[in-house]
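Colleague: Quick one, what's the 3D model for this:
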Amino acid sequence: MIVVQKYGGSSVADTDRVKRVAERVAQVKRDGHNVVVVVSAMGKTTDQLIRQAQEIAVIPPARELDMLLTAGERISMSLLAMAMHELGYTARSLTGSQAGIITDAVHGKARIIDITPGRITEALAGGHVVIVAGFQGVSRDSKDVTTLGRGGSDTTAVALAAALRADVCEIYTDVDGVYTADPRICTAARKLHRVSHEEMLELAACGAKVLQVRSVEYARNHGVALHVRSSFTYSDGTWVTEETDDMEQAMISGVAHDTGEGKLVIRRVPDKPGVAARIFTALADANINIDMIVQNVSEDGTTDISCTLPLADGPSAVRLLEDLSGEVGAEAVGFDEHIAKVSLVGAGMKTHPGVAAGMFSALSEAGVNIEMISTSTIRISVVVRDDDVETAVRAVHEHFGLAATEVA
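Modeller: Residues are numbered from 1 along each chain as shown. The predicted structure follows:
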């Protein structure tokens, strides 16, 4: 049996915590399993490295920034390997490239395109614990070191679990599972025992910080079972698995929120074929990820197009579209930083009418105005003012009885 474990930055924040992680890994090894461990950088190391880089250069070269940031995970993997040796277990630490994590050439948010885990399988066959630096890989084309973006160690772990056909991928963090809402906002939020890949993907995409979106997508596509657990306790966490017919399926699984997006508005563009395609092609070519999109009803042959995107991409998106405004005939481009997205997620809503009405009624009664709406078969998302987000989350969470023992 192969077990892949991932430990986040808070789990390896100092040497004492590294030693505790080593003891947890040793226990799995004593139970007779092969173990592959993926580690993040210690504590706030990545943030500190970014700050140092920006003290040198306002906009650091992307290639050199990736070289710098990958150092954090290499420190963690080496220290953990040393701690394993102190406990009497042999360990092999590997960088992302040594572990065979092959990516595209996009620095800062590279995508994994292949895994060649030969060195890992060889080390496992030799009885070693394998410790891999998360968040990083190597470009297939340029051979440069790349990073996978925030939360990329989750994706590293899931990708390795898929490539090694591991029995489970355990994601250890500073929380003990996935909750029906952020417990810092809803103190009555309840830990979920099990959610489907689809539900977790929607929750992660809508702001739940427990798992990176791409890691859940990878797990869904490759059928990897995830177990989200706390590295500070030994209790069960939340299982994220493929949906099965006999799985208990609550109507609603949770409420997620995201304050990390802004609203881009392109005003009074000609309402004719090709305009929206030109705008969103330009944004895609600039690697700017778009979330919700709304186009208003045409008036006098023109319309407004609004979309949400990460706050960090706002300034570059505005500059890009201002340069493009003459070509597409836009009157103005604006960016609103003071929004938040609140989302209701649950596979059961497919067969339950009235969920949207219930959510909108709860927000109305709480005095929260809705600016944009987007839906999927298992999700309803709304954009509200950022100072209304906590009120909105509590109102929706309470309306659907998510704190109760039995979810509605």
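
Colleague: From now on I want contacts and neighbour counts done on CA atoms only, so please keep to that.
Modeller: Fine.

Colleague: Settle this for me: residue 132 is touching residue 36, isn't it.
Modeller: Yes: Residue 132 is in contact with residue 36 according to CA atoms under 8 Å; the separation is 7.4 Å.

Colleague: Looking at those two, which has the bigger crowd around it?
Modeller: More crowded of residue 132 and residue 36, by other CA atoms under 10 Å: residue 132, with 32 against 29.

Colleague: which SS state does that one fall under?
Modeller: Here residue 132 is strand, with the state taken from DSSP: H, G, I helix; E, B strand; the rest coil.

Colleague: how far away is it from residue 41?
Modeller: Residue 132 is 11 Å from residue 41, where distance means CA to CA, to the nearest Å.

Colleague: same thing with residue 34?
Modeller: Residue 34 is 23 Å from residue 41, by CA to CA.

Colleague: Same question for residue 122.
Modeller: Remark: distance between residue 122 and residue 41 (CA to CA) = 25 Å.

Colleague: Bridge partners for residue 269, pull those for me.
Modeller: Residues in a beta bridge with residue 269, per DSSP bridges, are residue 303.

Colleague: who's in contact with residue 9?
Modeller: 39, 40, 41, 42, 43, 44, 173 (CA atoms under 8 Å, 6 or more residues apart in numbering).

Colleague: ok, the fifth one touching residue 18?
Modeller: No: look at residue 43 against residue 18 with CA under 8 Å: they stay out of range, at 11.1 Å.

Colleague: Who has more neighbours out of the two?
Modeller: Taking other CA under 10 Å, residue 43 and residue 18 do not tie; residue 18 has more neighbours (24 against 17).

Colleague: For that one, which non-adjacent residue is spatially closest?
Modeller: Leaving aside its chain neighbours, residue 18 sits nearest to residue 12 (4.8 Å; criterion: CA to CA, 6 or more residues apart in numbering).

Colleague: correct me, but the one you found touches residue 42?
Modeller: Yes: the pair residue 12 / residue 42 is scored as a contact, 5.3 Å apart, by CA under 8 Å.

Colleague: Find residues that contact each of those two.
Modeller: Common neighbours of residue 12 and residue 42 (CA under 8 Å, 6+ apart) are residue 76.

Colleague: returning to what we had before: could the contacts of residue 9 go into TSV alongside secondary structure?
Modeller: Listed next are these as TSV, based on three-state DSSP:
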residue	secondary structure
39	strand
40	coil
41	coil
42	coil
43	coil
44	coil
173	strand
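
Colleague: Could I get the pLDDT score of residue 150?
Modeller: We have a pLDDT of 86 for residue 150.

Colleague: ok, now which ones touch it?
Modeller: When contacts are counted by CA under 8 Å, 6+ apart, residue 150 touches 135, 212.

Colleague: thinking again about what came up before, Produce a PyMOL select command limited to the buried residues of the contacts of residue 9.
Modeller: Burial among those is assessed by 16 or more other CA atoms under 10 Å; the matching PyMOL selection reads:
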select buried, resi 39+40+41+42+43+173
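
Colleague: Could you pull out the buried residues of stretch 47-65?
Modeller: Within stretch 47-65, judged by 16+ other CA under 10 Å, the buried ones are 49, 53, 63, 65.

Colleague: I misspoke; the intended subject was stretch 216-233.
Modeller: Using 16+ other CA under 10 Å as the test for burial, stretch 216-233 gives 216-220, 222-231.

Colleague: And these, which is closest to residue 23?
Modeller: Residue 23 has its nearest neighbour among those in residue 231, at 11.1 Å by CA to CA.

Colleague: That closest one reaches residue 237, doesn't it?
Modeller: No: between residue 231 and residue 237 there is no contact under CA under 8 Å: 10.3 Å.

Colleague: Which strand residues bridge the residue nearest to residue 290 when sequence neighbours are not counted?
Modeller: Leaving out its chain neighbours, the residue that sits closest to residue 290 by CA to CA, 6+ apart is residue 309, at 5.0 Å. In this structure, residue 309 bridges to residue 262 when assessed by DSSP bridges.

Colleague: tell me the contacts of residue 309?
Modeller: 261, 262, 263, 264, 288, 289, 290, 291, 292.

Colleague: For the buried ones among those residues, write the corresponding ChimeraX selection.
Modeller: Buried subset of those, written as a ChimeraX selection, criterion 16+ other CA under 10 Å:
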select :261,262,263,264,288,290,292
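
Colleague: what's the neighbour count on residue 274?
Modeller: The number of residues packed near residue 274 is 10, by other CA under 10 Å.

Colleague: And the one 5 residues further on, by the same measure?
Modeller: Applying the criterion other CA under 10 Å, we find 18 residues in the vicinity of residue 279.

Colleague: Distance of it relative to residue 298?
Modeller: Distance, residue 279 to residue 298, by CA to CA: 17 Å.

Colleague: So residue 214: helix, strand or coil?
Modeller: Using three-state DSSP, the structure places residue 214 in helix.

Colleague: Now do the contacts for it.
Modeller: Applying CA under 8 Å, 6+ apart to residue 214 gives the contacts residue 155.

Colleague: ditto for residue 365
Modeller: When contacts are counted by CA under 8 Å, 6+ apart, residue 365 touches no other residue.

Colleague: what's the answer for residue 180, then?
Modeller: Contacts for residue 180 (CA under 8 Å, 6+ apart) come out as 189, 190, 191, 192, 253, 254, 255, 256, 397, 402, 403.

Colleague: Next up, the contacts around the closest residue to the third one other than its chain neighbours.
Modeller: Translated: residue 191. Distance criterion CA to CA, 6+ apart; nearest residue to residue 191, sequence neighbours excluded, is residue 179 at 4.3 Å. Neighbouring residues of residue 179 by CA under 8 Å, 6+ apart: 189, 190, 191, 192, 254.

Colleague: Neighbour-wise, which one of those residues leads?
Modeller: Busiest of those [other CA under 10 Å] is residue 254, holding 32 neighbours.

Colleague: So what touches the host helix or strand of residue 71?
Modeller: Using DSSP states H and E, residue 71 falls within helix 62-86. For helix 62-86, the surrounding residues in contact (CA under 8 Å, 6+ apart) are 12, 15, 18-19, 21-23, 26, 38-42, 45-46, 49-50, 53, 90-95, 107-108, 131-136, 144-147.
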